[in-house]
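Trainee: using only what follows, build the 3D model:
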Amino acid sequence: MICENLEGTLDELNVSDRTVEYVEIEWHEAFKKIHRKKTDSGREVGIRMGDWVLKRGLQEGDVIYQDDSLVIAVHTPPCEIIQIKIQAGHKKAAAKVCYEIGNRHAPLFYGKDEDSFVTPYNEPMLEMLQKFHGVLVEKTVGQLDFHEKISASVHNHHH
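Mentor: Take a look at the predicted model:
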């Protein structure tokens, strides 16, 4: 089966009378046009999206196939992340955090409140952020919400 269109989202479509199968798309795969995956029920699917996916990405709950009895939707599994919290009285540290993460071409997302951010985990990033005065960081597992992205793009950057 080939999936070539974004049909909508699970929130927008009425899927109550149909079987919903999920295909896992990890955050770092979300901006690729071509995938070969299996759904959670073992169905093989090919995914071939248009250029729009390079900017928007495939997101949690996106429906990439539907017919009268079946819906195939995207599931973005949790991953290791760094939660970043700017401490009270250290507002200027936010600019440094954002600059340094951007300088490393890493994706950056808004956190739960106005003084927090999230970026995918890697050890050098964690070690760097731990050295910033007025910044608390924690390695944890969570989902990246592409609706909360700050970076212009979150796919890999190459020189």
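Trainee: can I get the helix or strand of the chain with the lowest mean pLDDT in PDB, CA atoms only?
Mentor: Sorting the helices and strands of the chain by mean pLDDT, DSSP states H and E puts helix 53-56 at the bottom, at a mean of 89. Presented in PDB, the C-alpha positions along helix 53-56 are these (Å, rounded to 0.1, in the frame of the first residue of the first chain):
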ATOM      1  CA  VAL A  53       6.500  17.600   4.100                       C
ATOM      2  CA  LEU A  54       9.900  19.300   4.000                       C
ATOM      3  CA  LYS A  55       8.500  22.300   5.900                       C
ATOM      4  CA  ARG A  56       5.500  20.900   7.800                       C
END
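Trainee: what's in contact with stretch 136-152?
Mentor: When contacts are defined by Cβ atoms under 8 Å, 6 or more residues apart in numbering, stretch 136-152 is touched by residues 27, 30, 56-57, 59-60, 76-85, 87, 98, 102, 106-111, 117-118, 120-121, 126, 129-130, 154. Where C-beta positions appear, they are placed from N, C-alpha and C, glycine not excepted.
Trainee: any quick PyMOL command for the buried ones out of the residues you listed?
Mentor: Burial among those is assessed by 16 or more other Cβ atoms under 10 Å; the matching PyMOL selection reads:
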select buried, resi 27+30+57+59+60+76+81+82+83+84+85+98+106+107+108+109+111+117+118+120+121+126+129+154
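Trainee: go through the contacts of stretch 136-152 and flag which are in strands.
Mentor: With strands taken from DSSP state E, the overlap with the contacts of stretch 136-152 comprises 79-85, 109-110, 117-118, 120.
Trainee: what sits opposite residue 116 in the beta ladder?
Mentor: Beta-bridge pairing for residue 116 (DSSP bridges): residue 85.
Trainee: list the contacts of it.
Mentor: Residue 116 neighbours (Cβ under 8 Å, 6+ apart): 83-86, 110.
Trainee: just residue 35 next, same as before
Mentor: So residue 35 contacts 23, 25, 29, 46-47 (Cβ under 8 Å, 6+ apart).
Trainee: any idea which helix or strand comes after the host helix or strand of it?
Mentor: Using DSSP states H and E, residue 35 sits within strand 34-38. Using DSSP H and E, the helix or strand that follows strand 34-38 in sequence is strand 44-48.
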